[in-house]
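S.K.: Please work out how this folds:
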Amino acid sequence: MSLWTSDEIAAATGGTASTAFAVGGVAFDSREVATGDLFVALHGESADGHAYIPGALASGASGLLVDRAVEGPCVRVADTAKGLDDLGRASRERTSAKIIGVTGSVGKTGVKEALFAAFDRMSQGAAHRSLKSYNNHVGVPLSLARMPREARYGVFEMGMNHEGELRALTALVRPHVAIVTTIAPAHIEYFGTEEKIALAKAEIFEGLVEGGTAVIPADSPHAPLLTDHARRHAGQVVTFGRDSGADVRLIDEMSVGAAGTRITVQTRAARLSLVVGMPGRHWVSNALGVLAVVEAAGGDLAQAGLALAEMTGLPGRGARRPIATADGGEALIIDEAYNANPASMAATLAQLGEERAQRRIAILGAMKELGDQSAPLHAGLAQAIRDAKVDVALLVGEEMAPLADALAGEISVEHVANVDQAVEFARLTVKSGDVVLVKGSNSVGLSRLVEQLAASEVA
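M.R.: Presented below is the predicted three-dimensional model:
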């Protein structure tokens, strides 16, 4: 069964089909077009997708969504960005799947992936989720448009860095269950205070279907604000966390090292014990949120527990990669290079502190979008580094200068301007038995450092 026919695309978008065709997927990046896809020719800030139509067709695109006359099977619309929104909206309207919305300052991609693993297991492959971090005004409708007709569950990540963005995205997704993972000073440059960030994150609840469920972190100081906003839109509010009053709460936990954490959890209906395969206290919190969502969606908690046990590190978000070192031994890289803010930095540094190692090395990139709070928030990481007993800190980017100053004279610190300098230093520094945490905002480019170091990855 096709994902979309040309007639369905035309009906959804108000466009006109040049000929009959059917597609099995949707893409807006010509480099990602697969055989049988619909290529959506979007207008970017510096490029026009229509220029890439020949390449998309050469890669096997079966149809095009365009706003002008072109060669090839197409549906022509007035505005391709609106057309993609309309296609995502039509996908949501036709589905009978249980829809989950995920946002938060920290952990939203990990929680999204864990929820997908749980629902995919319990539905025997009939779950769908947004790929990568497709969580913005383009990625969300794209992810919706890609949802198979037969999907039983859909999990959609939604991000924002300005007020009103989540309100627009959640109106497209219309979740049955919506979770805020946590609130932290990510993007605080645009908001000024954490309270304003919490209010912006709470917009996700505005799109809930009638009678839907809002899932809120009980441990957050902003839980009352989130709860107050959620009650205006949700049929019920469920809290999760270590707090004794949480609806889904942690009873006890025991670290089992790199294998994760063994936990006992009390949900609203059951008590269960399981292993969270991803190590770290932040992943215990993530797991509590996952279980809260699964229970709210009427899912199988046992299957969710098995999925959490099988979770392994995602590239850029906790993947553990053994590498050969120049001295003939082996070191471990913990790849958290995808993104960073003060809360996620502190959480992953705490996990580094629990690793058994000859030395602990922290390669940390600048945290972006912190505005006038950048200097104190960077310097504030010093205590987390001390608590983690870090032996060597390699700091990348000019924003890291206050942290380098705060640590001067305490541990070995190297402050460099860019990733190329960091790679050179790391190759000379990392030795057998070291555990190396790599984390920074995505724009710093530390994923390139990980890949270059991992060129000597141990099988």
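S.K.: Please enumerate residues in contact with the strand or helix carrying residue 449?
M.R.: Under the criterion of DSSP states H and E, residue 449 resides in helix 446-453. Helix 446-453 is contacted from outside by 315-316, 321, 323, 333, 335, 337-338, 363, 365, 396, 419, 422-423, 426-427, 430, 436, 438-440, using C-beta atoms under 8 Å, 6 or more residues apart in numbering. Heads up, the C-betas are built off the backbone N, CA and C, glycines and all.
S.K.: and residue 333, what helix or strand is that in?
M.R.: Using DSSP H and E, the element containing residue 333 is strand 330-336.
S.K.: returning to what we had before: so how far is the helix holding residue 449 from its chain's centroid?
M.R.: Its chain's C-alpha centre and that of helix 446-453 lie 19 Å apart, by C-alpha atoms, centre = their mean, to the nearest Å.
S.K.: Among the contacts of helix 446-453, which are located in helices?
M.R.: Using DSSP state H, the members of the contacts of helix 446-453 that fall in helices are 419, 422, 423, 426, 427.
S.K.: among those residues, who's most crowded?
M.R.: residue 422 (29 neighbours; other C-beta atoms under 10 Å).
S.K.: surely that residue meets residue 429?
M.R.: No. Contact criterion C-beta atoms under 8 Å: residue 422 and residue 429 do not qualify, at 10.0 Å.
S.K.: joint contacts of those two?
M.R.: residue 394.
S.K.: Pull the number of nearby residues for the closest residue to residue 3 other than its chain neighbours.
M.R.: Nearest residue to residue 3, sequence neighbours excluded (C-beta to C-beta, 6 or more residues apart in numbering): residue 24, at 5.2 Å. Using other C-beta under 10 Å, residue 24 has 16 other residues around it.
S.K.: so how far is residue 154 from residue 312?
M.R.: 23 Å (C-beta to C-beta, to the nearest Å).
S.K.: These two - which one has more neighbours?
M.R.: Of the pair residue 312 and residue 154, residue 154 is the one with more neighbours under other C-beta under 10 Å, namely 27 against 10.
S.K.: Quick check: the more buried one touching residue 120?
M.R.: No. Residue 154 lies out of contact with residue 120 (C-beta under 8 Å); the separation is 11.2 Å.
S.K.: What helix or strand is the residue nearest to residue 234 when sequence neighbours are not counted located in?
M.R.: Excluding its sequence neighbours, the residue lying closest to residue 234 (C-beta to C-beta, 6+ apart) is residue 214, at 3.9 Å. With elements taken from DSSP H and E, the one containing residue 214 is strand 213-217.
S.K.: which secondary structure elements does that strand contact?
M.R.: strand 177-180, helix 223-231, strand 236-241, helix 281-296 (3 or more C-beta pairs under 8 Å, 6 or more residues apart in numbering; DSSP states H and E).
S.K.: Which residues does the shortest one contact?
M.R.: Counting by C-beta under 8 Å, 6+ apart, strand 177-180 makes contact with 98-104, 111, 170, 201-202, 204-205, 207-208, 212-217, 226, 234, 289, 292-293, 296-297, all of which sit outside it.
S.K.: Stretch 112-122 now?
M.R.: 98, 100, 102, 126-130, 152-153, 155-157, 286-287, 290, 293-294, 297, 299-300, 303-304, 306-308, 310-311, 314.
S.K.: Mind telling me which residue is nearest the centre of this structure?
M.R.: Centroid check for the chain by C-alpha atoms, centre = their mean gives residue 109 as the closest residue, at 2.1 Å.
S.K.: bridging residues for residue 241?
M.R.: Residue 241 has these beta-bridge partners by DSSP bridges: residue 249.
S.K.: actually residue 318, sorry about that
M.R.: With DSSP bridges as the criterion, residue 318 is bridged to residue 314.
S.K.: I'd say it and residue 338 touch.
M.R.: No. Under the criterion of C-beta under 8 Å, residue 318 makes no contact with residue 338, lying 9.5 Å away.
S.K.: on that earlier part again, can you say which of the helices and strands packed on strand 213-217 is packed in most?
M.R.: strand 177-180 (a mean of 30; mean count of other C-beta atoms under 10 Å).
S.K.: Report the strands that pair with it, each with its relative direction.
M.R.: strand 98-103 (parallel), strand 213-217 (parallel).
S.K.: which non-adjacent residue is nearest residue 263?
M.R.: Closest to residue 263 by C-beta to C-beta, 6+ apart is residue 253, at 4.7 Å.
S.K.: any idea how far the one you found lies from residue 262?
M.R.: For residue 253, the distance to residue 262 - C-beta to C-beta - is 7 Å.
S.K.: Then residue 156 would be within a helix, right?
M.R.: No. Secondary structure of residue 156 (DSSP: H, G, I helix; E, B strand; the rest coil): strand, not part of a helix.
S.K.: what's the pLDDT at it?
M.R.: pLDDT, residue 156: 98.
S.K.: Also residue 456?
M.R.: 65.
S.K.: Same check on residue 162?
M.R.: At residue 162, the predicted lDDT confidence score is 86.
S.K.: how many other residues sit next to the closest residue to it other than its chain neighbours?
M.R.: Closest residue to residue 162 apart from its sequence neighbours, by C-beta to C-beta, 6+ apart: residue 190 at 5.6 Å. Neighbour count for residue 190, taken as other C-beta under 10 Å: 15.
S.K.: Secondary structure of residue 190: a strand, I assume?
M.R.: No. Residue 190 is assigned helix when assessed by three-state DSSP, not a strand.
S.K.: Next up, the contacts around it.
M.R.: For residue 190, the contact set (C-beta under 8 Å, 6+ apart) comprises 161, 162, 369, 371.
S.K.: Using PyMOL, define a selection of the buried residues within those.
M.R.: Written as a PyMOL command, the selection of buried residues from those, which uses 16 or more other C-beta atoms under 10 Å, is:
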select buried, resi 369
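S.K.: Max pairwise distance over the contacts of residue 190: which two?
M.R.: 162 and 371 (13.2 Å; C-beta to C-beta).
S.K.: remind me which residues of the stretch 301-450 of the chain are low pLDDT?
M.R.: Within the stretch 301-450 of the chain, not a single segment meets pLDDT under 70.
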